[in-house]
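Enquirer: With the input below, show me the fold.
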Amino acid sequence: MKINIKRFLLISLLLLLGTTSFQGVVFAQEEAPIDGDDFATYIVQPGDTLASIAYQFGISLDELIKVNDIENPNAISIGTELTLPGIIDVEGVLTTITTILGSTLNSLSVQYDIPISTLVKINKIVSPIELYKGASLIIPIKEDLVPIKPLANLSTNRTMLEEAVLAQQGQWDIARANQRETLWDFLPGELIYGYAQETGEVQENTAISPSIVDLEISPEKLTQGTIATIRVETNEPLQLLGNLGDKKLNFFEESPNVYVAYTGIHALTEPGTLPFSISSLKEDENPFGFEQMLIAYDTYYGSESIIVNPQTIDLKINDKENAFIFSLVEPATEEKYWSAPFSCVVDQPVCIRSWYGTNRDYNDGLFYNFHSGIDYGVCASLNIIAPADGVVAFTGPLTVRGNVTFIDHGWGVYSAFYHQSEILVEEGQKVSRGQIIGLIGTTGRSTGAHLHYGLFVNGVQVNPLNLLDPSCQ
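Expert: Modelled structure (predicted):
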């Protein structure tokens, strides 16, 4: 066999070089000390422990203690700046923030000048549903952060150059502010940002649209049975659309450029996230649309067992009557007759026999339902009183609810009065707060003389105590 000496020597040399290089790399890795300057830092927040921080970032607790030379792991204090081993390529101090209404991955990326991919990686986000209002996120805050501001919702009728001229900024400056490499990455209707002219901290409120001055949803904590109020302040007249959960929102102008919508959180709403959306119907160059998840919390309600007339728990009768009732309270009248709080619907002293939301078992398990209002007993008189001004939407006898009166208070708010012995008003009649409209009775599905008072908001039966004066309970 002949051996090619040149080829043999070349292969031997390559193997030698490869082995030497490999050994050098291994040696360098084994001997390289831990350099804290290459890692991200984190500010300890209330409620944090070293173990929870290590778990949150997927790092070793022992390494976290070692890198930060911590002598007593149980004595970590709020505000301590920690080096996070293994968290690299992240510029800035990692800080916990609470997402506000309007926060999206894109808006946070632009606000804090960080790639969306970094936000997703640090916070282990796997779905947009995780970015609900009130969620805690880790954000890298840069020392030299340049403040940005919302410029406009990109018009379908203008080019980026025209938008830049109107905003008095360079179009490539706008591209950089919005984390874009090209000018054609923007979509019509998208909210675009630009650099603020004055230095200062990043804006506290995430903009939904330059047309929106303020957007507030109250109460801060949405619970089963509550009324949600959505108040929007704009800098120009707008026609607004929206949804909360599966309910369409009806916006009414409370004052110039201030719009309000009311809706209810049903007593049987599943605790967890609720989709919220708002958009404009403006038919010019600046329409907008926004979506975000809100959190609905549960409320504890008791339970009770009741024996009633079997006819009143017949499913066909109940379904037919419910369909009629919900069609009755669906319209949202443009005129608002009411103001809060509502006055009491019975004379003082009041006595409540059954509360809103109570889980009811009828006739030993033949029928189940929740109590959709408040039952007032007869403790002063038989008088039933209108709690606020309005127009009578319906009166008449029903199988389940007995003799009923519905009052339309406007803007999607209705009062309901069940089981009356006598109705003293007529359909279409205007009534005033404090007016006697009927007498307490025991008609329909009833076990004794009482008034069932119900409150509907945007077609949802909510706890009447949301609007009633505190003296009414």
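Enquirer: got the CA coordinates for the lengthiest strand in the chain in CSV?
Expert: For the chain, the longest strand by residue count, based on DSSP state E, is strand 413-423. C-alpha atoms of strand 413-423 as CSV (Å, rounded to 0.1, in the frame of the first residue of the first chain):
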residue,chain,number,x,y,z
VAL,A,413,-80.6,50.7,34.0
TYR,A,414,-84.0,49.1,35.0
SER,A,415,-85.7,48.5,38.4
ALA,A,416,-87.9,45.4,38.8
PHE,A,417,-90.6,44.8,41.4
TYR,A,418,-92.1,41.3,41.8
HIS,A,419,-94.9,39.6,43.8
GLN,A,420,-97.0,42.7,44.2
SER,A,421,-100.6,42.5,45.5
GLU,A,422,-101.5,45.6,43.7
ILE,A,423,-99.9,47.7,40.9
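Enquirer: pLDDT averaged over the helix or strand just after that strand - what is it?
Expert: Next in sequence after strand 413-423, counting helices and strands by DSSP states H and E, comes strand 430-431. Mean pLDDT, strand 430-431: 98.
Enquirer: Quickly note the distance from the nearest residue to residue 334 once chain neighbours are set aside to residue 263.
Expert: Nearest non-adjacent residue to residue 334, counting by CB to CB, 6 or more residues apart in numbering: residue 252, 7.0 Å away. In this view, the C-beta of every residue, glycine as well, is placed from N, C-alpha and C. For residue 252, the distance to residue 263 equals 12 Å [CB to CB, to the nearest Å].
Enquirer: coming back round to it: can you report phi and psi for the residue nearest to residue 334?
Expert: phi -130, psi 150 (degrees, to the nearest 10).
Enquirer: Report the contact partners of it.
Expert: Contacts for residue 252 were tallied using CB atoms under 8 Å, 6 or more residues apart in numbering; they are 259-261, 332, 334, 336, 411.
Enquirer: Kindly report the same for residue 213.
Expert: Neighbouring residues of residue 213 by CB under 8 Å, 6+ apart: 233-235, 257.
Enquirer: 6 Å instead, please
Expert: Going by CB atoms under 6 Å, 6 or more residues apart in numbering, residue 213 touches 233, 235.
Enquirer: Does it belong to a helix, a strand or coil?
Expert: strand (DSSP: H, G, I helix; E, B strand; the rest coil).
Enquirer: What helix or strand is the residue nearest in space to the middle of the chain located in?
Expert: By CA atoms, centre = their mean, the mean C-alpha position of the chain lies nearest to residue 294, the distance being 1.9 Å. Taking DSSP H and E as the definition, residue 294 sits inside strand 289-297.
Enquirer: related to what we said a few turns ago, who touches the residue nearest to the centre of the chain in this structure?
Expert: 133, 274, 276.
Enquirer: Go again with 7 Å.
Expert: By CB atoms under 7 Å, 6 or more residues apart in numbering, the contact list for residue 294 reads 132-133, 217, 222, 273-274, 276.
Enquirer: coming back round to it: to the chain's geometric centre, what's the distance from the strand holding residue 294?
Expert: 3 Å (CA atoms, centre = their mean, to the nearest Å).
Enquirer: strands paired with that strand, and their directions?
Expert: strand 222-223 (parallel), strand 272-280 (antiparallel) (DSSP bridges).
Enquirer: Following element in sequence after the shortest one, please.
Expert: Spelled out, that is strand 222-223. Counting by DSSP H and E, the next helix or strand C-terminal to strand 222-223 is strand 227-234.
Enquirer: related to what we said a few turns ago, pull the distance from the longest strand of the chain to the chain's centre.
Expert: That offset, for strand 413-423, works out to 33 Å (CA atoms, centre = their mean).
Enquirer: all helices of this protein, in order?
Expert: Ranges of helices in the chain, per DSSP state H, are 5-31, 50-57, 61-67, 105-112, 116-123, 160-167, 171-177, 315-328.
Enquirer: which outside residues touch the fourth one?
Expert: So the one you mean is helix 105-112. 115-116, 119, 131, 139, 141, 145, 148, 177-179, 193, 202, 206.
Enquirer: Number of residues surrounding the residue nearest to residue 281 when sequence neighbours are not counted?
Expert: Excluding its sequence neighbours, the residue lying closest to residue 281 (CB to CB, 6+ apart) is residue 239, at 4.2 Å. By the criterion of other CB atoms under 10 Å, residue 239 has 12 neighbours.
Enquirer: Over to residue 68?
Expert: 18.
Enquirer: Would you enumerate the residues in contact with residue 326?
Expert: residue 459.
Enquirer: Read off the pLDDT value for it.
Expert: pLDDT for residue 326: 97.
Enquirer: Could you measure from the residue nearest to residue 334 over to residue 259?
Expert: From residue 252 to residue 259 the distance is 7 Å (CB to CB).
Enquirer: Likewise for residue 438?
Expert: Distance from residue 438 to residue 259, by CB to CB: 35 Å.
Enquirer: can you check residue 294 too?
Expert: Counting by CB to CB - residue 294 and residue 259 are separated by 18 Å.
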